[in-house]
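1. I'd like to go over a predicted model; first the sequence, then the structure.
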Amino acid sequence: DTGVSQNPRHKITKRGQNVTFRCDPISEHNRLYWYRQTLGQGPEFLTYFQNEAQLEKSRLLSDRFSAERPKGSFSTLEIQRTEQGDSAMYLCASSLMAGEGQPQHFGDGTRLSIL
Amino acid sequence: GDSVTQMEGPVTLSEEAFLTINCTYTATGYPSLFWYVQYPGEGLQLLLKATKADDKGSNKGFEATYRKETTSFHLEKGSVQVSDSAVYFCALSDRKAAGNKLTFGGGTRVLVKP
């Protein structure tokens, strides 16, 4: 169990640029989640995948955001035309599908700073 | 919709003091409840969980009991250490919600002084 891996750890970019983050889940986990955490707040759900299918998207996920999980393995989260309000920590988590109360295992996050 | 409310921090304690962090929730269904901890510069780590009423989750000296009648899941530790300094998040996943997504409280920062 190598844990959930996220890259990059930090991303600094100018407003209006596109950015892409990557998440590698725990290998046997078929569910993958993206959350956003702003300073001093708890994480907020963005979207989740079950295998390669994206099954739910939060209304927080504007049309500038897109997430993919090709072949049900790693996932990418892309933000187009970044805005100041996109500055946050983007967290990825994965879990097994079966059973109630399955815990989600989180990566260390990607911190995005928009100049 | 679902929501989680935690006591605001920071909570400052001396080593070996008793810690309580209050957490209450609102859910349309019958949720599973979790406490996660975030140490400085790190991601969230699962601390403990409970999946049904009156269940007690415990780990590393921390405990929390699922109280359905009061919709609460308060975190307690009898004797804290400096290494317990972190931000603690209460969270729920509602079984009626697709995908078991987590709804988090705002977090409580705990600072333990030697």
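-> Noted; the coordinates are in hand.
2. Low-confidence ranges, the chain, go.
-> Just so you know, I chose chain A. Low-confidence segments of chain A (pLDDT under 70): A:1, A:98-100.
3. meant chain B actually
-> In chain B, residues with pLDDT under 70: B:98.
4. got the residues of it near chain A?
-> B:4, B:32, B:34, B:36, B:42-46, B:49-51, B:89, B:91, B:93, B:95, B:98-107 (Cβ under 8 Å from any Cβ of the partner chain). Any C-beta I mention is one placed from the backbone N, CA and C, and that applies to glycine too.
5. gap between the helix or strand hosting A:F49 and the chain center?
-> Using DSSP states H and E, the element containing A:F49 is strand A:44-50. Distance, stretch centre to chain centre, for strand A:44-50: 7 Å (Cα atoms, centre = their mean, to the nearest Å).
6. Give me the most central residue, chain A.
-> Geometric centre of chain A, nearest residue: A:W34, 3.1 Å, by Cα atoms, centre = their mean.
7. Pretty sure A:L46 is one of the things that one touches, is it not?
-> Yes: at 4.3 Å, A:W34 counts as touching A:L46 under the criterion of Cβ atoms under 8 Å.
8. what do those two both touch?
-> Counting by Cβ atoms under 8 Å, 6 or more residues apart in numbering or on different chains, the contacts common to A:W34 and A:L46 are A:67, A:77.
9. Name all residues that make contact with residue 105.
-> Looking at chain A here, since you left the chain open. A:3-4, A:26, A:29, A:93-95, B:46.
10. that's the wrong chain, I wanted chain B
-> B:G105 neighbours (Cβ under 8 Å, 6+ apart): A:42, B:4-6, B:23, B:89-91.
11. ok, of these, which come out buried?
-> Neighbour counting with 16 or more other Cβ atoms under 10 Å in any protein chain shown marks A:42, B:4, B:6, B:23, B:89-91 as buried within the contacts of B:G105.
12. how about those, which pair is most distant?
-> A:G42 and B:C23 (11.2 Å; Cβ to Cβ).
13. and for the two, which residues touch both?
-> Counting by Cβ under 8 Å, 6+ apart, the contacts common to A:G42 and B:C23 are B:4, B:105.
14. what packs against the strand holding A:F49?
-> Contacts defined by 3 or more Cβ pairs under 8 Å, 6 or more residues apart in numbering or on different chains; DSSP states H and E place strand A:44-50 against strand A:31-37, strand A:53-57, strand A:65-68, strand B:102-104.
15. So in that sheet, which strands flank it, and in what orientation?
-> If you go by DSSP bridges, strand A:44-50 pairs up with strand A:31-37 (antiparallel), strand A:53-57 (antiparallel).
16. Pick the most buried one from those strands.
-> strand A:31-37 (a mean of 24; mean count of other Cβ atoms under 10 Å in any protein chain shown).
17. Using PDB, write out every CA atom in that strand.
-> C-alpha atoms of strand A:31-37 as PDB (Å, rounded to 0.1, in the frame of the first residue of the first chain):
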ATOM      1  CA  ARG A  31     -13.500   4.900  -6.200                       C
ATOM      2  CA  LEU A  32     -11.700   8.200  -6.600                       C
ATOM      3  CA  TYR A  33     -12.700  11.500  -5.200                       C
ATOM      4  CA  TRP A  34     -11.600  15.100  -5.700                       C
ATOM      5  CA  TYR A  35     -12.100  17.800  -2.900                       C
ATOM      6  CA  ARG A  36     -11.200  21.400  -2.600                       C
ATOM      7  CA  GLN A  37     -10.000  22.900   0.700                       C
END
